[in-house]
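**Q** output the structure for:
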Amino acid sequence: MSVDHASKRIIDGYARGDTDIAADEVWALEAHLEACRFCRDQLSAVVDAEVPAVAVLVDTVWSGLELQLAVTATMPRGRRWSARLSRWMTPTMLPWLAMVAGVTLLALLLDLVDTGSGDVSLVLLLAPVLPVLGVAASWSRGLDPAYELTASVPRAGLHLVLRRTASVLGVVVPALLVGGWATGVMVAQWLLPCLAFTSMTLALGGLLGVTRAAVGLAAVWAAVVVAPTLATSRTAVALRTDALPLWGLVLALGIGVVIARRGAYAVLGAHR
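**A** Numbers count the residues shown, from 1 in each chain. Next up, the predicted model:
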């Protein structure tokens with residue numbers, strides 16, 4: 001496929017339904033056709049010339065739909081905004097994001113009130129796993145009623161994963177920013193673990209599935225850091241300023257793996 005348009009070989013093979021075209025080429029072509037009228041015209045010309053049976057089928061289906069479309073009401077403005085919002089998150093994400101914001105507020109209140117927890121900041125303790133839980137909810141098969149449709153569209157790969165992750169971070173990071181400011185915790189002290197955990201969730205998601213990776217990392221964090229920290233009432237080494245370079249390294253490693261394995265998110269295994 002060239003920089004501007006799809007190659008004639010791919011368009012011809014796609015129109016004929018050739019099975020020797022690579023899956024990533026098919027997905028790339030379908031995504032390209034959404035925005036390229038020239039390639040759509042080329043595909044239509046190939047179908048008319050070489051696959052007349054498909055052209056007849058399309059004309060038959062269109063003739064049956066045309067009358068219905070003519071009398072169908074246009075989408076109300078409110079639903080248009082809902083459709084745009086669905087590009088970034090699923091309907092089930094909203095209560096999960098509200099829960100994440102509520103947990104952050106509760107942690108902030110417990111930090112501000114003397115709870116006898118010593119030097120432990122609950123905002124700092126929960127910062128790494130809060131976005132991970134939101135990412136798990138945004139990409140869970142059981143929580144997305146339109147999962148089958150989402151998994152089959154050309155943009156169901158890394159593009160959609162990053163959009164949903166960005167929507168989660170867009171809610172979690174401001175909430176943590178307020179909580180960190182109110183409790184006097186350095187921004188880097190909670191932001192780096194937060195972003196590092198998120199990047200590792202996506203990195204492992206290409207191998208295990210995003211939801212499984214998120215649940216696994218949250219469980220490990222709870223067992224290795226949260227439980228001992230609450231038991232001893234002392235901030236874990238992983239959350240001290242000395243560990244910030246290590247968190248930066250983990251963040252860079254996670255981003256590198258996501259970029260290197262960006263094609264893995266286009267397969268159904270990543271939706272688990």
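**Q** list the buried residues of the helix or strand hosting W27.
**A** Assigned by DSSP states H and E, W27 belongs to helix 23-33. Under the neighbour-count criterion of 16 or more other Cβ atoms under 10 Å, helix 23-33 has E25, W27, A28, L29, A31, H32, L33 buried. (Glycine included, C-beta is placed from N, CA and C.)
**Q** please identify the helix or strand for the closest residue to V187 other than its chain neighbours.
**A** Spatial nearest neighbour of V187, excluding adjacent residues (Cβ to Cβ, 6 or more residues apart in numbering): G180 at 6.0 Å. G180 belongs to helix 158-183 when assigned by DSSP H and E.
**Q** what does the helix or strand hosting I11 contact?
**A** Using DSSP H and E, I11 maps to helix 8-16. Defining contact as Cβ atoms under 8 Å, 6 or more residues apart in numbering, one finds that helix 8-16 is touched by 1, 20-21, 25-26, 29, 39, 42-43, 46-47, 50-51, 54.
**Q** and the angle from that helix to helix 23-33?
**A** Orientation check (axes from the mean of the first three to the mean of the last three Cα atoms, to 10 degrees): helix 8-16 against helix 23-33 gives 90 degrees.
**Q** in helix 8-16, what's buried?
**A** I10, I11, D12, G13, Y14, A15.
**Q** same check, this time on stretch 32-47
**A** Buried residues in stretch 32-47 (16+ other Cβ under 10 Å): H32, L33, C36, C39, Q42, L43, V46, V47.
**Q** quick one: the last one from E66, how far?
**A** Spelled out, that is V47. According to Cβ to Cβ, to the nearest Å, V47 and E66 sit 19 Å apart.
**Q** next: the fourth one.
**A** For C39, the distance to E66 equals 24 Å [Cβ to Cβ].
**Q** also the third one?
**A** Shown here: C36 relative to E66, a distance of 24 Å by Cβ to Cβ.
**Q** likewise for the second one?
**A** If you measure L33 against E66 using Cβ to Cβ, the figure is 21 Å.
**Q** how is this protein divided into domains?
**A** Using automatic domain parsing, the domains assigned to the chain come out as 8-71, 80-271.
**Q** would you mind giving those domains as a markdown table with mean pLDDT added?
**A** Below are the domains of the chain laid out as a markdown table (pLDDT from 0 to 100):
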| stretch | mean pLDDT |
| --- | --- |
| domain 8-71 | 80 |
| domain 80-271 | 75 |
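**Q** out of those, deepest packed?
**A** domain 80-271 (a mean of 18; mean count of other Cβ atoms under 10 Å).
**Q** so how far is the helix holding I11 off the chain centroid?
**A** 31 Å (Cα atoms, centre = their mean, to the nearest Å).
**Q** who's in contact with the residue nearest to W221 when sequence neighbours are not counted?
**A** Nearest non-adjacent residue to W221, counting by Cβ to Cβ, 6+ apart: V129, 5.3 Å away. Contact analysis of V129 by Cβ under 8 Å, 6+ apart lists F197, L217, A218, W221, A222.
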